[in-house]
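In: After the sequence you'll find the predicted model.
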Amino acid sequence: MTSTSQTPGSGARAAHPEHLGHVIFITAAAAMGGFLFGYDSAVINGAVEAIRDRYGIGSGTLAQVIAIALIGCAIGAATAGRIADRIGRIRCMRIAAGLFTISAIGSALPFALWDLAFWRIIGGFAIGMASVIGPAYIAEVSPAAYRGRLGSFQQAAIVIGIAISQLVNFGILQLADGKQRGTIGGLEAWQWMLGVMVVPALLYGLLSFAIPESPRYLISVGKNERAKEILSEVEGKEVDLDARVAEIQAAMHREHKSTFKDLLGSRFGFLPIVWVGIGLSVFQQLVGINVAFYYSATLWQSVGIDPTTSFFWSFTTSIVNIIGTVIAMVLVDRVGRKPLALAGSTGMAIALACEAWAFSAELVNGKLPTTQGVVALVAAHVFVLFFALSWGVVVWVFLGEMFPNKIRAAALGVAASAQWIANWAITASFPSLADWNLSGTYIIYTCFAVLSIPFVLKFVKETKGKALEEMG
């Protein structure tokens with residue numbers, strides 16, 4: 001997806017739209033893809049043990065069913081940029097919304113384990129598309145002065161989606177007398193959990209009809225007058241619209257459509273900046289954050305907490321996630337991206353080390369000792385808080401900003417794909433690793449949190465306050 005320059009000559013960098021509320025609405029609507037991303041990522045948390053019981057499968061097979069959606073995510077992320085450049089960002093959103101809807105219905109009414117896995121792949125493809133389209137579209141319609149905060153809407157939508165899914169799961173579980181396989185209206189509780197995603201999926205599709213196409217895409221297909229109207233809405237009438245269109249056209253003429261070949265360097269495969277983007281994406285996942293959202297209910301049950309209470313703790317973790325994200329949204333344009341990432345890495349490493357210590361204790365009557373149980377619960381919430389106020393937001397902001405214009409679309413697709421592959425590796429390996437040694441698993445996550453600190457210090461450059469054409 002093509003982004004372009006914002007130079008002082010047009011007044012773009014200092015642009016302050018008269019109707020900021022309208023820009024916020026556009027951003028929030030586009031971020032609904034992030035809401036579905038978060039909802040789908042966490043809703044499976046409520047169904048894990050029910051799926052294991054219904055189909056009589058072990059940890060390895062269960063992990064593959066849970067994680068297989070992430071293969072679709074990687075494919076969707078890798079192809080979304082090219083699709084959006086060809087048919088537009090809004091149509092891409094509508095395709096994702098349609099696939100989300102189909103996936104929700106299919107997942108709620110599976111005939112067997114294989115078609116449940118198939119529908120999860122379809123939903124994953126939609127999530128992958130949304131994970132690329134959302135940040136790129138938001139970056140393209142946001143005035144530079146607000147881009148960090150508006151870019152944070154994607155992560156805010158993700159964490160709200162996670163929290164709402166946990167709340168819905170908890171409510172459905174109450175209706176089913178606390179049983180994941182309890183029956184409600186002829187369907188088991190876990191089927192309702194997966195099927196309810198139809199509602200936000202349809203809302204996402206409807207909202208896509210209420211927001212404008214990216215002005216950069218419109219200019220790329222010769223619709224300059226419509227692009228001026230949208231630029232006036234999102235950047236303000238004081239901006240020289242003819243100059244802005246000219247800047248965008250000039251940038252496009254200097255560029256060519258980014259391809260995979262453009263990302264290749266002479267020595268290490270990819271260009272260094274692409275490796276940095278991949279590194280940010282991979283570290284974001286290798287600290288084990290999605291274990292907290294895919295498996296938290298199962299995790300707490302494994303150390304002696306009853307199912308209903310385990311769902312409650314999963315929900316409180318989601319609330320902490322929202323609080324941390326709000327903190328990041330407030331600080332990302334003030335403190336900067338890099339300081340937040342370093343603070344988050346430090347906090348996550350300490351919290352994960354505490355979890356590893358707590359889970360090393362011997363279970364007493366199937367439960368952790370009181371001290372270790374309290375430490376595990378507190379550390380889990382602290383870990384999520386530090387992730388949310390740092391890597392949860394800044395990685396998406398970095399990926400929307402850090403690449404040079406001529407490779408942004410392709411580089412963002414590769415980085416997002418790497419993120420989904422790392423997510424898959426963590427999600428698919430956790431049940432087996434937990435069966436092996438739960439404490440050892442958290443030591444591995446701690447090591448990745450520690451390693452992310454020198455990575456950020458050495459390789460990551462601050463993008464705070466810079467126009468898009470200054471990157472790279």
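Out: Yep, it's here.
In: got the phi/psi numbers for residue 36?
Out: Phi and psi for residue 36, reported as degrees, to the nearest 10, are phi -70, psi -40.
In: Need the pLDDT of it.
Out: Note on residue 36: pLDDT of 88.
In: Please list all residues in contact with it.
Out: Residue 36 makes contacts with 96-97, 100, 126-127, 130, 161, 197, 200-201, 204, as judged by Cβ atoms under 8 Å, 6 or more residues apart in numbering. (Glycine included, C-beta is placed from N, CA and C.)
In: so residue 153 touches residue 32, yeah?
Out: No. Applying Cβ atoms under 8 Å, one finds residue 153 not in contact with residue 32, separated by 9.8 Å.
In: list the buried ones in stretch 427-439?
Out: Buried positions in stretch 427-439, judged by neighbour count with 16 or more other Cβ atoms under 10 Å: 427-431, 433-434, 438.
In: Now intersect those with the strands, please.
Out: Residues from the buried residues of stretch 427-439 lying in strands, with DSSP state E as the criterion: none.
In: Pull out the buried residues from the lowest-mean-pLDDT helix or strand in the chain.
Out: Lowest on mean pLDDT, DSSP states H and E among the helices and strands of the chain sits helix 296-302, with a mean of 72. Neighbour counts using 16+ other Cβ under 10 Å place 296-302 of helix 296-302 among the buried residues.
In: If we ignore the residues flanking it in sequence, what's nearest the residue sitting furthest away from the middle of the chain?
Out: Relative to the C-alpha centroid of the chain, counting by Cα atoms, centre = their mean, residue 365 is the outermost residue, at 38.0 Å. Leaving aside its sequence neighbours, residue 365 sits nearest to residue 304 (Cβ to Cβ, 6 or more residues apart in numbering; 7.5 Å).
In: Just give the number of residues close to the one you found.
Out: Residues contacting residue 304 under the criterion other Cβ atoms under 10 Å number 15.
In: Could you give the average pLDDT over stretch 73-80?
Out: Regarding stretch 73-80, the rounded mean pLDDT is 84.
In: Now that stretch: buried residues?
Out: For stretch 73-80, by 16+ other Cβ under 10 Å, it's 73-80.
In: Low-confidence ranges, the chain, go.
Out: 1-19, 144, 251-252, 254-260, 265-267, 302-303, 307-308, 464-472 (pLDDT under 70).
In: Make CSV from the buried residues of helix 296-302 and add distance to residue 323 to it.
Out: Output for the buried residues of helix 296-302, formatted as CSV (distance: Cβ to Cβ, whole Å):
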residue, distance to residue 323
296, 17
297, 21
298, 24
299, 21
300, 20
301, 25
302, 26
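In: can you tell me how far residue 123 sits from residue 276?
Out: Distance check for residue 123 against residue 276: by Cβ to Cβ, to the nearest Å, it reads 30 Å.
In: between those two, who's got more neighbours?
Out: Neighbours per residue (other Cβ under 10 Å) separate residue 123 from residue 276, with residue 123 holding more: 29 against 22.
In: So the more buried one sits against residue 97, correct?
Out: No. Residue 123 lies out of contact with residue 97 (Cβ under 8 Å); the separation is 11.5 Å.
In: returning to that earlier point: just say helix, strand or coil for the residue nearest to residue 365.
Out: Classification of residue 304 using DSSP: H, G, I helix; E, B strand; the rest coil returns coil.
In: That one: what's it in contact with?
Out: Here residue 304 is in contact with 363, 365-368, 373 (Cβ under 8 Å, 6+ apart).
In: Can you tell me which of the buried residues of stretch 73-80 is nearest residue 172?
Out: residue 73 (24.8 Å; Cβ to Cβ).
In: Convert the C-alpha atoms of stretch 335-349 to CSV, please.
Out: Extracted in CSV, the C-alpha atoms of stretch 335-349 (Å, rounded to 0.1, in the frame of the first residue of the first chain):
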residue,chain,number,x,y,z
VAL,A,335,7.6,10.0,25.4
GLY,A,336,8.3,8.3,22.0
ARG,A,337,8.2,4.8,20.7
LYS,A,338,11.6,3.6,21.8
PRO,A,339,11.5,4.5,25.5
LEU,A,340,8.2,2.8,25.8
ALA,A,341,9.5,-0.4,24.2
LEU,A,342,12.5,-0.4,26.6
ALA,A,343,10.4,0.2,29.7
GLY,A,344,8.0,-2.5,28.6
SER,A,345,10.7,-5.1,28.0
THR,A,346,12.1,-4.5,31.4
GLY,A,347,8.8,-4.8,33.1
MET,A,348,7.8,-7.9,31.2
ALA,A,349,11.1,-9.7,31.9
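In: Now that stretch: buried residues?
Out: For stretch 335-349, by 16+ other Cβ under 10 Å, it's 336-342, 344-349.
In: Point out the ones among the residues you listed that are inside helices.
Out: 337-342, 344-349 (DSSP state H).
In: okay, those residues in TSV with distance to residue 326 next?
Out: Below are these laid out as TSV (distance: Cβ to Cβ, whole Å):
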residue	distance to residue 326
337	17
338	20
339	17
340	13
341	17
342	20
344	15
345	20
346	20
347	16
348	18
349	23
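In: For residue 138, see how far away the closest residue to residue 360 other than its chain neighbours is.
Out: Excluding the flanking residues, the one nearest residue 360 by Cβ to Cβ, 6+ apart is residue 439, at 3.8 Å. Distance, residue 439 to residue 138, using Cβ to Cβ: 40 Å.
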